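>>> here are the coordinates; sequence isn't available:
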């Protein structure tokens, strides 16, 4: 079954606003990663958070992980038009493979 | 950063023909490569895991005789879709990983869009 299931949402925001998206998973994980995919392109790795970490920052990105709730969130602050993309979370399990969630489509309106 | 390329970026073929897609790690050696397929507006589904010099491990429901994977070197893996049919039309994405640990980052190729007429 697919792990790392985001809330199925398409988010449309104004440039400068913050964008928040969530991800939930079902089994224990080694780490959780967030990726961005521009339309018709490959994936770009954004950030990895380990199972023993609760929060991580990278530039305008902030990721949280709550292992008790089996959930993660990705916050993009001060969004830009170039942030328009689909965002996927992916979990790594004991078999060392990535399982992707459904993805969140984010549209940032200039 | 690590770069992974795919060739071709898109291909259109007739039903019944075979199509080969290449995945190359350009500036690092990839002990493991992965092949995914993605349908429009959907997530990536792992098809198979390919380790250099050994047979690929296919996910449940993926026909290994239909999707032939060869990881002949540390920088190249190929996916051949044999006797392609319209339902094989999809976006195929590969990724490459330097190590064998789940914490090692996977670097993704730009994808190959396959259209079978």
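Okay, I see it. Model, not experiment: these values are computed from the prediction.
>>> got a list of what the nearest residue to residue A:18 once chain neighbours are set aside touches?
Nearest non-adjacent residue to residue A:18, counting by CB to CB, 6 or more residues apart in numbering or on different chains: residue A:77, 5.1 Å away. Placement of C-beta: from N, CA and C, glycine included. Each residue near residue A:77 by CB atoms under 8 Å, 6 or more residues apart in numbering or on different chains is listed here: A:18, A:60, A:61, A:62.
>>> Spit out the contact partners of the first one.
If I follow you right, that is residue A:18. A:75, A:76, A:77, A:78, A:79.
>>> Repeat that for the third one.
Neighbour list for residue A:61: A:34, A:46, A:47, A:74, A:75, A:76, A:77 [criterion: CB under 8 Å, 6+ apart].
>>> In strands, which of those appear?
Among the contacts of residue A:61, the members falling in strands (DSSP state E) are A:34, A:46, A:47, A:74, A:75, A:76.
>>> Would you check which of those are in contact with chain B?
Checking the ones in strands among the contacts of residue A:61 against chain B by CB under 8 Å from any CB of the partner chain, not one of them is in range.
>>> Restricted to buried residues, select those residues in ChimeraX.
In ChimeraX syntax, the buried subset of the ones in strands among the contacts of residue A:61 is picked out as below (16 or more other CB atoms under 10 Å in any protein chain shown):
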select /A:34,46,47,74,76
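>>> quick one: the helices in chain A?
For chain A, helices defined by DSSP state H do not occur.
>>> Get me the contact residues on it for chain B.
A:2, A:30-31, A:33, A:35, A:40-45, A:48, A:50, A:88, A:92-103, A:105.
>>> Which of the residues you listed fall in strands?
A:31, A:33, A:35, A:43-45, A:48, A:50, A:88, A:92, A:98-100, A:105.
>>> Buried ones from those, can you make that a PyMOL selection?
PyMOL command restricting these to the buried ones, with burial defined by 16+ other CB under 10 Å:
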select buried, chain A and resi 31+33+35+43+45+48+88+92+98+99+100+105
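>>> Between the contacts of residue A:77, which sits nearest chain B?
Proximity of those to chain B (CB to the nearest CB) peaks at residue A:61, which lies at 15.4 Å.
>>> Quickly note the distance from that closest one to residue B:14.
The gap separating residue A:61 from residue B:14 is 44 Å, by CB to CB, to the nearest Å.
>>> swap in residue A:86?
Residue A:86 is 31 Å from residue B:14, by CB to CB.
>>> So for those two, which sits in the more crowded spot?
Using other CB atoms under 10 Å in any protein chain shown, the more surrounded residue of residue A:86 and residue B:14 is residue A:86, with 20 against 8.
>>> you'd agree the more buried one is up against residue A:40?
No - at 10.5 Å, residue A:86 does not count as touching residue A:40 under the criterion of CB atoms under 8 Å.
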